[in-house]
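Engineer: return a 3D structure for these sequence lines:
(one chain, ligands or ions: 1)
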Amino acid sequence: MANPNDPTLRSWIDIPPTSDFPIQNLPFGVFEIEERGPRLGVAIGDYALDLYAVAQFGYFSDLDLGPKMPKVFRRRTLNQFIALGRPAWRAVRQRVSELLRHDNPALSSNPEVMRECLVRQSEVRMLRPVKPHNYTDFYSSIEHATNVGMMFRDPANALLPNWRHIPIGYHGRASSIVVSGTDIRRPNGQRKAPDADAPTFGPSQQLDFELEMAFVVGKNSTLGDTIPLQYAEDHIFGLVLFNDWSARDIQSWEYVPLGPFLGKSFGCSISPWIVTLDALEPFRVPGPVQEPEPLLYLRQLDAHNFDINLEVGLQPADSAETVVSRTNFQHMYWSMAQQLTHQSSNGCNLEVGDLYASGTISGPTPDSLGSMLELAWRGTRPVPLVDGSERSFLLDGDTVAMRGYCEKDGVRIGFGEVRGTVLPAAGS
Ligand code: CA
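Structural biologist: Numbering: from 1, shown residues only. You can find the predicted model right below:
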């Protein structure tokens, strides 16, 4: 059996070289078309492969997928499929890779089978791929943490004393995580200008995005158990792009002393296709040197970072898009494995479908920052857009699109995009 990551594999489907979804990727998602209801799918070029249809034609019958077959492919989320475990995900990805190979006629030579199994992505509605029961947001970019510390605290001591010892995080809100394409309503909230005597309540004036990646938990753990770092990635199904929308004025007034709350919980957006950790394996790289060396339970000997190019586009209503930031996920100081091990180190249990976001991903240069807060440096250097306007924070009607891809040996493994448009606040 060929390795599904083999760069020489080709599909019988015509896939443009710029596509995020070549045969080496095969990310999982959930889509809906009116006459069929929700289906689990795999992205391939401009198409989605309907896994329920593939299962009904018998192509998964010899795989050990348990008694929930084939119903598990006709769900509104991937949770039940993910809960089948890594051997099941791998078997399905391997079989899909074989079915889509240029020299396999099983699907390609049968027009009826092909019509049932392949649908154009432009004709489907993508659903939120998982139901997350829990969501944690980390703060693992040293550049981002340093920038925020410089702006809000002390430029000479931007990083707090715990930062290089702990992957800092907080428990976020899972219920308001939405799939790409869902509009985001500007939140109302309580905020107080530094020179004002008292706070007021109203639409946030400092709405922002945060460029992040998130990983999807693929395996439950038991309350009380801890997950050693060398097994941490066994609990990761895959990754999505993540926009952690943020209301800076609400956040800065409310966050002392217990941390982020309503300035964060009004919405997060995720990309619809989950790229598996297996597909990302060729793009594994060492992270930055950690100094001082972390405590023993967080010490990592192997490479746990991933080389993923990222960009953010900002598009005002009825205007063209400006790419306002380009950066890379490999800069993250704390790896996903360290985040997961730290989260479980007190015995807290993890659940299939949980989302763990990386924290804002900022790079070392002014054009690689992952939020408007940093790009416009708290409003002091507004970001010019191609239509001649400028932004310090987001305006109503603005659309934010985040994209990401890895590239090596002529293979591009992409994430598609996560997109959302800002609507006016309720009552305004
Ligand atoms: Ca965040």
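
Engineer: from here on, contacts and neighbour counts on C-alpha atoms
Structural biologist: Fine.

Engineer: quick one: low-confidence residue ranges for the stretch 201-350 of the chain.
Structural biologist: Judged by pLDDT under 70, the stretch 201-350 of the chain has no weakly predicted residues.

Engineer: separation between residue 39 and residue 2?
Structural biologist: Applying C-alpha to C-alpha, to the nearest Å, one obtains 27 Å for the distance of residue 39 from residue 2.

Engineer: would you map the strands across the stretch 101-250 of the chain?
Structural biologist: Applying DSSP state E, counting those that start in this stretch to the stretch 101-250 of the chain gives strands spanning 118-120, 125-126, 135-138, 169-171, 177-179, 184-185, 188-191, 200-203, 207-208, 211-217, 236-243, 246-247.

Engineer: tabulate the ones you listed (a markdown table), appending mean neighbour count and distance to residue 412.
Structural biologist: What follows is the strands of the stretch 101-250 of the chain, written out as a markdown table (neighbours: other C-alpha atoms under 10 Å; distance: least, C-alpha to C-alpha, whole Å):
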| stretch | mean neighbour count | distance to residue 412 |
| --- | --- | --- |
| strand 118-120 | 17 | 20 |
| strand 125-126 | 18 | 22 |
| strand 135-138 | 21 | 27 |
| strand 169-171 | 16 | 31 |
| strand 177-179 | 23 | 23 |
| strand 184-185 | 20 | 30 |
| strand 188-191 | 20 | 41 |
| strand 200-203 | 15 | 41 |
| strand 207-208 | 22 | 29 |
| strand 211-217 | 26 | 18 |
| strand 236-243 | 27 | 15 |
| strand 246-247 | 26 | 31 |
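
Engineer: reformat the ones you listed as TSV; add distance to residue 60.
Structural biologist: What follows is the strands of the stretch 101-250 of the chain, written out as TSV (distance: least, C-alpha to C-alpha, whole Å):
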stretch	distance to residue 60
strand 118-120	16
strand 125-126	23
strand 135-138	32
strand 169-171	38
strand 177-179	28
strand 184-185	39
strand 188-191	49
strand 200-203	51
strand 207-208	44
strand 211-217	24
strand 236-243	20
strand 246-247	43
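
Engineer: for residue 155, list the residues it contacts.
Structural biologist: Taking C-alpha atoms under 8 Å, 6 or more residues apart in numbering, we find residue 155 in contact with residue 149.

Engineer: repeat that for 10 Å
Structural biologist: 146, 147, 148, 149 (C-alpha atoms under 10 Å, 6 or more residues apart in numbering).

Engineer: burial check on the second one, number of neighbours?
Structural biologist: Residue 147 has 20 neighbours, counted by other C-alpha atoms under 10 Å.

Engineer: correct me, but it touches residue 362?
Structural biologist: Yes. The pair formed by residue 147 and residue 362 meets the contact definition of C-alpha atoms under 10 Å, at 9.0 Å.

Engineer: and the angle for the longest strand seen in the chain with strand 236-243?
Structural biologist: In the chain, ranked by residue count with DSSP state E as the criterion, the top strand is strand 411-423. Counting by axes from the mean of the first three to the mean of the last three C-alpha atoms, to 10 degrees, strand 411-423 points 40 degrees away from the direction of strand 236-243.
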